[in-house]
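**Q** Got a sequence here, can you build the structure:
(chains A and B)
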Amino acid sequence: MDIYGSILSPFAARVVLAARYKGIKHKLLLPKGGIKSSAFLKMNPMRKMPTIKDGSTVLFESGVILDYIDAKYKKKPIVPAGAKAGAQARLIGAIFAEYVQPAMFGLFAQSDPATRDQKVVDEKLAALSQALDVAEKLLVAKPYAAGARFTIADCYAAPVLFFLHAIVPQVTSSPVLGKRTKLKRYYTKASKNKLIGGVMKEMGEAMKTYMEQRQAQKAA
Amino acid sequence: MAKTLTIYGRIVSPFVARVVLAARAKGFKYDLSLPKDGIKSPAFYKLNPFAKLPVLKDGATTLFESAIIVEYLDAKSKAKKLVPASATAAAQTRLVAAVAGEYVQAPAVRLVRHKRGTLTEPMDMKTTLQDMAKGLDTLERVLLKGRYAAGARLTIADCFAAPALFFVAAARDWYELGNIVGKRLKLTKDWASIQKDKLAVPVLNDMAQCLI
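**A** Below is the predicted model:
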């Protein structure tokens, strides 16, 4: 399976986590000629990543890809069986994808002190705090996000938590997760987990490279 | 005897309409209502701390986020599946739903709200029209052959596409955009099928009543 995307994108990291957990042979790569090339446009008219190619199947939208991977490679399911359990794991994922992540990216855009708007920072921090409160309520963290096994919830939660710890300290001195004990426990365990911690580490290395490039660009 | 589902929301919201369509397609009984003391009440906070609609209540199960509710409703019973069984067909169906819900619906709703004066942020008309055209082009690309969005039967794809296309049609009428679906042949056929579908017609009519 070809996964077009960068590990630093939480959207792509979700898909990589699922593929690795399932033991699916895959390559993570960037489109030859870039996302604006006509070859990539044929795969995804919205020109976004991740996009996957699995045999003759081309798909985009990370949520669609995750469900595809789970349905196609049936071993080690990531969406729990049963309507209720499935919905609960999906809901934890959605809290991270739809509420935590947008607030976090809002802060990422404010990470440069030279161009920072403190009013925006405060708004995003408030939104982030609310989203994390809900995540804390729904998270199971025993030790995985939705219970004893790795699920789709971890695919969403782990990349976002990595990013939070990279970004939030740049804009505030308050602790990233505050007193949210389940989230803290989850993050600590996930960081030490071979699969999840491995992806977080790769994201960290990619982040470092990205920041160095940004610094160099600024200096030039 | 199956319990009646409670769907909190207003039919004119495309997010709510998706859920209502899915419940109808699955043959579930449901009540569509608004939370008694509004979405900012402490009681509603317990159902959805983000104070958004739709929310589904099914016995002890409470869910929010329309896409999750639709998947839940489909998983709840084996009859009248809204997502095809094969992995590839299921993915193609979900992709149609995602494109309609993300890239077609957002610009179409913005155009309509702008006209109604309910949009709080500024809107660049040209960009929004371009976004909608791009969304429609992408939808045409991912639609499958057949009467409906993803083949011969109504699926999750139509639950998302019908409300999105309703707003495209509303934007077309209010801005006099002409034949906006244009040469997109699969899209033209799907929209024609939806407008004749006995499950979808009452939902589309109710949505239209709210916009008058």
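**Q** Flag the shaky bits of chain B, pLDDT-wise.
**A** Applying pLDDT under 70 to chain B flags the ranges B:1-2.
**Q** correct me, but B:A157 touches B:A150?
**A** Yes. Between B:A157 and B:A150 there is a contact under Cβ atoms under 8 Å: 4.2 Å. C-beta coordinates here come from the backbone N, C-alpha and C atoms, glycine included.
**Q** Need the overlap of contacts for those two.
**A** For the pair B:A157 and B:A150, residues contacting each of them under the criterion Cβ atoms under 8 Å, 6 or more residues apart in numbering or on different chains are B:93, B:96, B:143.
**Q** Give me the neighbour count for the last one.
**A** Meaning B:L143. Residues near B:L143, counting by other Cβ atoms under 10 Å in any protein chain shown, number 25.
**Q** burial of the nearest residue to it once chain neighbours are set aside, as a residue count?
**A** By the measure of Cβ to Cβ, 6 or more residues apart in numbering or on different chains, the closest residue to B:L143 outside its immediate chain neighbours is B:K186, 4.1 Å from it. The burial metric for B:K186, expressed as a neighbour count using other Cβ under 10 Å, is 17.
**Q** Could I get the buried residue list for the strand or helix carrying B:K186?
**A** B:K186 is part of helix B:185-196 when elements are defined by DSSP states H and E. Residues of helix B:185-196 classed as buried under the neighbour-count rule (16 or more other Cβ atoms under 10 Å in any protein chain shown) are B:186-187, B:189-191, B:193-194.
**Q** For A:K25, which three-state class applies?
**A** Of the three states, A:K25 takes coil under DSSP: H, G, I helix; E, B strand; the rest coil.
**Q** Not counting its neighbours along the chain, what's nearest it?
**A** The spatially closest residue to A:K25, leaving aside those adjacent along the chain, is A:M1, at 6.9 Å (Cβ to Cβ, 6+ apart).
**Q** List the residues that contact that neighbour.
**A** A:M1 sits in contact with A:19, A:24-27, A:52-54, where contact means Cβ under 8 Å, 6+ apart.
**Q** again, but for A:G197
**A** Going by Cβ under 8 Å, 6+ apart, A:G197 touches A:190-191.
**Q** How is it assigned, secondary-structure-wise?
**A** The local conformation at A:G197, judged by three-state DSSP, is helix.
**Q** How much space separates it from chain B?
**A** Plainly put, A:G197 is 28 Å away from chain B if you go by Cβ to the nearest Cβ, to the nearest Å.
**Q** what angle separates the host helix or strand of B:A91 from helix B:185-196?
**A** Secondary structure from DSSP H and E places B:A91 in helix B:87-99. Following axes from the mean of the first three to the mean of the last three Cα atoms, to 10 degrees, one obtains 80 degrees for the angle between helix B:87-99 and helix B:185-196.
**Q** what about stretch A:11-30, average pLDDT?
**A** Per-residue confidence for stretch A:11-30 averages out to 98 on the pLDDT scale.
**Q** Can you get me the start-to-end distance on it?
**A** From its first residue to its last, stretch A:11-30 covers 14 Å (Cα to Cα, to the nearest Å).
**Q** So what touches it?
**A** Defining contact as Cβ under 8 Å, 6+ apart, one finds that stretch A:11-30 is touched by A:1-7, A:49-50, A:52, A:62, A:65-66, A:69-70, A:73, A:75-76, A:78, A:150, A:152, A:154-156, A:158-159, A:162, A:195-196, A:198-199, A:203.
**Q** do that again at 6 Å, thanks
**A** Where contact means Cβ atoms under 6 Å, 6 or more residues apart in numbering or on different chains, the residues beyond stretch A:11-30 that reach it are A:1-3, A:5-7, A:49-50, A:62, A:65-66, A:69, A:73, A:76, A:78, A:150, A:155-156, A:159, A:195, A:199.
**Q** returning to what we had before: which of the contacts of A:M1 has the largest number of neighbours?
**A** Ranked by neighbour count (other Cβ under 10 Å), the contacts of A:M1 have A:I52 at the top, with 26 neighbours.
**Q** thought it was touching A:I3?
**A** Yes. Between A:I52 and A:I3 there is a contact under Cβ atoms under 6 Å: 5.3 Å.
**Q** what are the phi and psi angles of A:L29?
**A** Backbone torsions for A:L29, taken as degrees, to the nearest 10, come to phi -150, psi 170.
**Q** Any idea how many residues pack against it?
**A** A:L29 - counted by other Cβ under 10 Å - has 11 other residues nearby.
**Q** and the helix ranked longest in chain B, what does it pack onto?
**A** Criterion DSSP state H: the longest helix present in chain B is helix B:156-175. With contacts defined as 3 or more Cβ pairs under 6 Å, 6 or more residues apart in numbering or on different chains; DSSP states H and E, the packing partners of helix B:156-175 are helix B:14-26, helix B:87-99, helix B:105-116, helix B:200-211.
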